[in-house]
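J.: Show me the folded form of this:
(one chain, ligands or ions: 2)
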Amino acid sequence: MFQVLAADSIKEEGLQPLLEQDGIQVHIGSVDSASIDLQKIDALIVRSATKVTSELLDRMPSLKIVGRAGVGVDNIDIAEATKRGIIIVNAPDGNTISTAEHTFAMMSALMRNIPQAHASVKNGEWKRNKYIGNELYGKTLGIVGLGRIGSELAKRARAFGMSVKVYDPFLTMERAEVLGVQLSSFDEVLAETDIISVHTPLTKETKGLLNEKTLSQTKKGVYLLNCARGGIIDEIALAHYIEKGHVAGAALDVFEVEPPGDHPLLKLDSVITTPHLGASTKEAQLNVATQVAREISTFFENKPVANSINLPAMSKEIYEKIQPYHQLAKEMGKIVSECHNKGISELTATYSGTAAELETSFLTKALLAGFFENRIDVKVNEVNAIHIAKERGIMVGEKVTGNSFGYANTITVKASGDGETFTARGTYIEHYGPRIVSLDGFNIDFHPSGNLLYIQHMDRPGVIGHVGKVLGDHEVNIATMQVGRKEAGGEAIMVLSFDRPLPDEMVDKLKSLQDIVTINSIIL
Ligand SMILES: NC(=O)C1=CN([C@@H]2O[C@H](COP(=O)(O)OP(=O)(O)OC[C@H]3O[C@@H](n4cnc5c(N)ncnc54)[C@H](O)[C@@H]3O)[C@@H](O)[C@H]2O)C=CC1
Ligand SMILES: O=C(O)CCC(=O)C(=O)O
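T.: Ligands and ions are numbered 1, 2, ... in the order given. Okay, here's the model as predicted:
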């Protein structure tokens, strides 16, 4: 039974795709619930409260996938999860509208002193002069980060008669034109706008983007908004600029540490705040819970997830196209690992024809996962394959060639190490299946599956008969047999397939036969 833990008060209604699926058990609780055995949890769903640290991952050895019911993944140690082969998925757009609406509401409230006026009336006061505000109409809004939320905010600001200047280094002029915003430099946004709202992820580039120095470049009387992540605006610098009257006010939905506790910004009248409520609507919570539940259900069915942070994004159509090559690459990785049973310092994958038109990095990762499968104790998959190779000092290369050796496509794998090299080539033939067409320079043709024996031998009369006798003596039936050689009387190979695993003593007996060079047993 696949065990899912939904933490952080995930909206239960959104978990329906998981609750309806056979073979999945959903636990609602937290990583600290005494009743939940973390060791057995395969999938974890979180919002922002649970911190997915390496310590937590240590306590969850079965974990395969983390679903973030929201956008920001800064509460997840992505590097550590990736190292362990754990897939991270998020719900990128389920809360966009809610967060953009919340930001807009915060901007309006900030400009019209609504929270302060509300508190004053509730206190029995009626101070109409004290709470004179500013119109949004005609003002210039600066947006830093014009992604999903920034774009929705821009549309709403334009509808209210505001001009919008945007700084986003990854934004094209065409997109800016479509949204009716002015693409600007960061310096221009600082110097030429009346209200600045940040909508970037928190990264090492965006941490402290608005700080003592950059705040000094803003207009006197500017208003600031942060409904993205605490830390994008340096909190101490902001408090300083508000106290000295340069910044007129700020609206904050997020803090560096949440809850912020006894924070200097909370003591300032012109700071309005909410407790990280950007995504807190019934609609957004249902959307994000449903999105991650669907992703986890898809993962459980062994199908490609759509919104992974640490795997290439792939549509269902692309996945269906790549899947047979992916399977071939993985099996070739296993074959090469068994046949080159030495140390490995370099592994190169070369793609041609229709294979070269696909996401080859994904295929190379599958190949590495197959290669490591029986070599190391760590679970290796497409998420951590490159990391594991690097950690073990293996150089991984990827090439594309125009030479398809007469096939519609080929994948060629070359493994080198301990002074030896082994090369395998495979192809995928539409409506026929995967074939291995060359091993160590010998032409051959077999289907890579089941229990195989790869035998290198001298091309002499009687060798095949001797091998057949040993197999017969052990009552082992040969399912298929392929032979290949480069020249008469030289070295040759045979690849035999069987319906069941082979007894070790029989393989040892085969190894002792005359004219046998090497024997490798391969299970695919
Ligand atoms: N308060 C809340 O409850 C919520 C907060 N968020 C926060 O909002 C952030 C933005 O969300 P989305 O718009 O969905 O993400 P997004 O990925 O669609 O947009 C982020 C934008 O920031 C831009 N960007 C990245 N680095 C930048 C830099 N150094 N300078 C300027 N622009 C930069 C990117 O090019 C992108 O266009 C999330 O990362 C999350 O932290 C998201 C949802 C709810
Ligand atoms: O789960 C939440 O409410 C936080 C949403 C958020 O910050 C995000 O999606 O990045």
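
J.: residue in the stretch 101-250 of the chain nearest to ligand 2?
T.: The stretch 101-250 of the chain approaches ligand 2 most closely through R229 (7.3 Å), counting by Cβ to the nearest ligand atom. Every C-beta, even on glycine, is put in place using the N, C-alpha and C of the backbone.

J.: what sits against the residue lying closest to D253 once chain neighbours are set aside?
T.: Excluding the flanking residues, the one nearest D253 by Cβ to Cβ, 6 or more residues apart in numbering is C227, at 4.1 Å. Listed by Cβ atoms under 8 Å, 6 or more residues apart in numbering, the contact set of C227 reads T99, H102, T103, M106, I149, S197, H199, A251, L252, D253, V254, G278.

J.: Relative to I242, how far out is C227?
T.: 18 Å (Cβ to Cβ, to the nearest Å).

J.: Also L18?
T.: Distance, L18 to I242, by Cβ to Cβ: 46 Å.

J.: So for the two, which sits in the more crowded spot?
T.: Neighbour count, other Cβ atoms under 10 Å: between L18 and I242, L18 has more, with 24 against 21.

J.: these two touch, right, that one and Q25?
T.: No. L18 is beyond contact range of Q25, at 9.1 Å (criterion: Cβ atoms under 8 Å).

J.: which residues are in contact with both of those two?
T.: V4.

J.: Please, where are all the strands along the stretch 401-524 of the chain?
T.: 409-417, 420-429, 433-439, 442-446, 451-458, 478-485, 491-498, 516-523 (DSSP state E, counting those that start in this stretch).

J.: would you turn those strands into CSV with mean neighbour count, mean pLDDT and distance to ligand 2?
T.: Converted to CSV, these look like this (neighbours: other Cβ atoms under 10 Å; pLDDT from 0 to 100; distance: least, Cβ to the nearest ligand atom, whole Å):
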stretch, mean neighbour count, mean pLDDT, distance to ligand 2
strand 409-417, 21, 96, 39
strand 420-429, 20, 97, 40
strand 433-439, 19, 97, 41
strand 442-446, 17, 95, 50
strand 451-458, 20, 95, 48
strand 478-485, 16, 92, 53
strand 491-498, 21, 94, 51
strand 516-523, 16, 93, 44
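
J.: do you know which of those lies nearest ligand 1?
T.: Closest to ligand 1 of the strands of the stretch 401-524 of the chain is strand 409-417 (Cβ to the nearest ligand atom; 34.0 Å).

J.: buried sites along stretch 126-143?
T.: Neighbour counts over stretch 126-143 (16 or more other Cβ atoms under 10 Å) mark N134, L136, K139, T140, L141, G142, I143 as buried.

J.: Tell me which two of the residues you listed sit farthest apart.
T.: N134 and I143 (18.2 Å; Cβ to Cβ).

J.: what's the residue in the stretch 351-500 of the chain that ligand 2 sits nearest to in contact with, if anything?
T.: Here the stretch 351-500 of the chain gets closest to ligand 2 at one residue, V383, 21.5 Å apart by Cβ to the nearest ligand atom. Applying Cβ under 8 Å, 6+ apart to V383 gives the contacts T82, G85, I86, I87, N310, L311.

J.: ok, now Q456?
T.: Q456 touches D440, E491, A492, I493, I516, V517, T518, I519, counting by Cβ under 8 Å, 6+ apart.

J.: pretty sure the fourth one contacts R485?
T.: Yes. Using Cβ under 8 Å, I493 and R485 qualify as a contacting pair, with a distance of 7.3 Å.

J.: what sits in contact with each of these two?
T.: F442.

J.: what's the distance between N302 and V4?
T.: Distance from N302 to V4, by Cβ to Cβ: 16 Å.

J.: ok, back up a step: ligand 1 next: which of the contacts of C227 are close?
T.: For ligand 1, the contacts drawn from those by Cβ under 6 Å from any ligand atom are T99, I149, H199, D253, V254, G278.

J.: among those residues, which are within reach of ligand 2?
T.: G278.

J.: just to revisit the earlier point, compare N302 and V4 (neighbour count), which wins?
T.: Comparing N302 with V4 by other Cβ under 10 Å, the one with more neighbours is V4, at 25 against 6.

J.: So is stretch 65-82 next to ligand 1?
T.: Yes. Judged by Cβ under 6 Å from any ligand atom, stretch 65-82 comes into contact with ligand 1 through G70, V71, G72.
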